[in-house]
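Novice: 3D, please:
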Amino acid sequence: MREEELMARAALWRRRLDEASAGRGPVEICAATKTQTPETINLLPRCGITHIGENRVQELREKASLLNPSFAVDMIGHLQTNKVKYIVGLVERVQSVDSLELAEALSSRFEAAGGNLKVFIQVNIAGEKQKFGVAENEVFPLARRIAALPALSLEGLMAIMPISPDPEALRPLFRRMRQLFDRLSEESFRGPEFRHLSMGMSSDCLVAAQEGATMVRLGTALFGAREAAGRKETH
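Specialist: Next comes the predicted model:
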């Protein structure tokens, strides 16, 4: 991708997100860099984006040494406990914590390495059987357990919405996520670093911003549709 095109896309979505958030504060863009080359990813700081998210551990490991060291790198895809050891030293945050087992594995590994890891709890707000994430009623118990782990800092919640041709149909789910986030923000155990609500991707990020997202994960909006298995991925 040409630098000029990427800069234009980033500026356009920054303006749209600012308008959608209606003065509640800036919505942070986490660039979803799945399948993107290090050369393309390294253009992002020129567009004012230094926060990226990777879906797959192996792809992240292959790219890591080639990326601009200024990036804050998140794991945004499902993470298996047996792959936790591979991300130590490569990520600043894991947005997809969906079980106590995973949280404990992350804490153990990062504590042994002398580090601290920022985490979000992934919530399956729509109750989709094919998606990862904890149920809405499991968020508070898991948050309490994470808050007690020595090497983790609970920073927020994350959700992946159902695929829908109409982003407006997802508005009630975004609203429920914001309400859940606000309730958790009032709890004494959650700590002062709890401040992020990561929800919304390219197809529905404006509705997410309108409903109170503090962070959106943009792939297609920045880089264009990915070619996958003979078809274009646009979400």
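
Novice: So which helix or strand of this structure has the lowest pLDDT on average?
Specialist: Here the helix or strand of the chain ranked lowest by mean pLDDT, DSSP states H and E is strand 231-233, holding a mean of 41.

Novice: what helices or strands is the longest helix belonging to the chain leaning on?
Specialist: Counting by DSSP state H, the longest helix found in the chain is helix 3-21. Applying 3 or more C-beta pairs under 8 Å, 6 or more residues apart in numbering; DSSP states H and E, one finds that helix 3-21 contacts strand 28-32, helix 205-210, helix 220-223. C-beta coordinates here come from the backbone N, C-alpha and C atoms, glycine included.

Novice: So what touches it?
Specialist: 26-27, 29, 40, 43-44, 46-49, 205-207, 209-210, 216, 218, 221-223 (C-beta atoms under 8 Å, 6 or more residues apart in numbering).

Novice: follow-up on the earlier one: can you redo the helices and strands packed on helix 3-21 as TSV with mean neighbour count, distance to Ala22 and mean pLDDT?
Specialist: Below are the helices and strands packed on helix 3-21 laid out as TSV (neighbours: other C-beta atoms under 10 Å; distance: least, C-beta to C-beta, whole Å; pLDDT from 0 to 100):
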stretch	mean neighbour count	distance to Ala22	mean pLDDT
strand 28-32	23	16	98
helix 205-210	24	7	98
helix 220-223	21	19	97
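
Novice: Include distance to Ala105 when you put these into CSV, please.
Specialist: As requested, those are arranged in CSV below (distance: least, C-beta to C-beta, whole Å):
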stretch, distance to Ala105
strand 28-32, 23
helix 205-210, 29
helix 220-223, 31
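
Novice: Looking at these, which is nearest to Val84?
Specialist: Taking C-beta to C-beta, strand 28-32 is the member of the helices and strands packed on helix 3-21 nearest to Val84, at 20.5 Å.

Novice: what's next to that closest one, contact-wise?
Specialist: Strand 28-32 has contacts (C-beta under 8 Å, 6+ apart) with 10, 13-14, 17, 41, 44, 49, 51-53, 55, 74, 76, 196, 198, 201, 214-219, 222.
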